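Novice: A predicted structure for the sequence below; I have some questions about it.
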Amino acid sequence: MLLYDLGRVAWGHSQLIYHALAELGREALVLCAPDRPYVCLGYHQDARLELDLDYCRTAGLPVFRREVGGGAVYLDPDQTFWQLVIRPDNPAAPRRREAFYRKFLGPVAATYRGLGVAAAFQPVNDLVVNGRKICGTGAGEVGPSWVFVGNLMRRFDHAVMSRVCRCPDEPFRRRFAAAMAGHLTSLEQELGAERAAAIDDAQLRQALAREFAAVLGPLSPARPDAELWAAVERQGRRMLAPEWLVFPRKPRPGRTVKVRAGVFLCRREIDTIAGRLRLDYLLRDDRLTEVQARMEAGPEPRALAQAWEGRSIPELAEGLAATWPAGLGPAPESAALARLLAA
């Protein structure tokens, strides 16, 4: 297993290098950080549906769509990336998904714990500290390889992340920023600014390399060679082309943004005889919380928001008649409502 400890690299190279290694079938651990902020989309996401592309252009934020899963994320030099490229036939790679994530998030959790942060694995692929996420991850098949990527977060800019994300209006954007602040954390939040600043990026990479070697075996230091740079250029021509960024997806009703695994901020609208009912809520482990209900015109249906607070989608569908206000006319069909409310 090769170790590419690259330090700070050009923002595009922070994604293209591991794609190139995967194309070549080289097993490696890459450690790096981008030289500037940018936005990165998951493989199955449509940039036009997920991002405010006008804002990204105005703010000078490049947008990249990777070939591994996960959601859209704002990335910047305050994050140290780890990127594992491994062949499926490697006996060190568990075949079961949760076992794979548990094994290869172990070194990242150990690195955090060595810094004084009590990070713990939470299935399927999260690291959390007291219930708050501290590591973003993505995984997928690239060429003949499996790729698993993630970050160590020195700090995270919730405001910018909420700005690059496509939101239906400013109240929704503010709720998204607040939800991230409540469900995400970082080295700076856990250790304090002074203690976090005392840990330099090289220390973070060295700690990650040491912990990954404990589960992968010895890592051989390497530098990008001519063959790898040629593969980077090939990947760049493909993945930096405008047509790669566009991945048409059928729009879904309303708007859903992921806060962390199992937590989504949702906007849904339902037409009633009294007008359009607008619902904003956090869907936490398939249960509605922090429910807000508003009508386009007329009084807020507070009773509905209170009755739906804390209920699961199946519970709401089953007991819909008892919670639906009479003044809104006939209740939606239960199965249709369940589909609408789901993330």
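Specialist: Nice, thanks for sending it over.
Novice: would you check how far apart A338 and A321 are?
Specialist: 14 Å (CB to CB, to the nearest Å). (C-beta placed from N, C-alpha, C; glycine too.)
Novice: for these two, indicate the residue with more neighbours.
Specialist: A338 (17 against 8; other CB atoms under 10 Å).
Novice: just the buried residues of the helix or strand containing the more buried one, please?
Specialist: In the assignment (DSSP states H and E), A338 maps to helix 334-341. Of all the residues in helix 334-341, those buried under the rule 16 or more other CB atoms under 10 Å are 337-338, 340-341.
Novice: closest one to V129 out of the residues you listed, please.
Specialist: L341 (29.5 Å; CB to CB).
Novice: let me know the pLDDT of that closest one.
Specialist: For L341, the model assigns a pLDDT of 94.
Novice: possible to save the buried residues of helix 334-341 as TSV with distance to L61?
Specialist: Shown next, in TSV, are the buried residues of helix 334-341 (distance: CB to CB, whole Å):
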residue	distance to L61
L337	37
A338	37
L340	32
L341	32
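Novice: and the chain, what are its domains?
Specialist: 2-245, 262-341 (automatic domain parsing).
Novice: let me see the mean pLDDT of the first one.
Specialist: Yep, that's domain 2-245 we're talking about. In the prediction, domain 2-245 has an average pLDDT of 96.
Novice: run the chain-centre distance for the helix holding A338.
Specialist: A distance of 26 Å separates the centroid of the chain from that of helix 334-341, by CA atoms, centre = their mean, to the nearest Å.
Novice: packing partners of it?
Specialist: strand 263-272, helix 313-318 (3 or more CB pairs under 8 Å, 6 or more residues apart in numbering; DSSP states H and E).
Novice: let me know which of these is tucked in deepest.
Specialist: strand 263-272 (a mean of 18; mean count of other CB atoms under 10 Å).
Novice: coming back round to it: give me the contacts around the helix holding A338.
Specialist: Helix 334-341 is contacted from outside by 253-254, 266, 268, 270, 279, 283, 288, 313-314, 316-318, 320, 331-332, using CB atoms under 8 Å, 6 or more residues apart in numbering.
Novice: got the angle between that helix and strand 263-272?
Specialist: 130 degrees (axes from the mean of the first three to the mean of the last three CA atoms, to 10 degrees).
Novice: how about the helices in the stretch 101-250 of the chain?
Specialist: 158-164, 170-183, 187-191, 193-197, 201-216, 226-239, 242-245 (DSSP state H, counting those that start in this stretch).
Novice: Q292: neighbour count?
Specialist: So Q292, with other CB under 10 Å, has 16 neighbours.
Novice: that one touches L304, doesn't it?
Specialist: No - the pair Q292 / L304 is not scored as a contact, 10.3 Å apart, by CB atoms under 8 Å.
Novice: can you report phi and psi for the closest residue to D76 other than its chain neighbours?
Specialist: Distances taken as CB to CB, 6 or more residues apart in numbering place P37 nearest to D76, at 3.9 Å, with adjacent residues excluded. Main-chain torsions, P37, degrees, to the nearest 10: phi -70, psi 150.
Novice: who touches P37 in this structure?
Specialist: 11, 61, 74-77, 160.
Novice: can you put the helices and strands packed on helix 334-341 in JSON lines and add mean pLDDT?
Specialist: Converted to JSON lines, those look like this (pLDDT from 0 to 100):
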{"stretch": "strand 263-272", "mean pLDDT": "95"}
{"stretch": "helix 313-318", "mean pLDDT": "93"}
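Novice: want to try TSV for the ones you listed, with distance to F247 as columns?
Specialist: Converted to TSV, the helices and strands packed on helix 334-341 look like this (distance: least, CB to CB, whole Å):
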stretch	distance to F247
strand 263-272	20
helix 313-318	28
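Novice: ok, back up a step: in JSON lines: the helices of the stretch 101-250 of the chain, plus mean neighbour count and distance to L3.
Specialist: JSON lines is the format used below for the helices of the stretch 101-250 of the chain (neighbours: other CB atoms under 10 Å; distance: least, CB to CB, whole Å):
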{"stretch": "helix 158-164", "mean neighbour count": "19", "distance to L3": "30"}
{"stretch": "helix 170-183", "mean neighbour count": "18", "distance to L3": "32"}
{"stretch": "helix 187-191", "mean neighbour count": "19", "distance to L3": "22"}
{"stretch": "helix 193-197", "mean neighbour count": "13", "distance to L3": "25"}
{"stretch": "helix 201-216", "mean neighbour count": "18", "distance to L3": "6"}
{"stretch": "helix 226-239", "mean neighbour count": "15", "distance to L3": "14"}
{"stretch": "helix 242-245", "mean neighbour count": "11", "distance to L3": "29"}
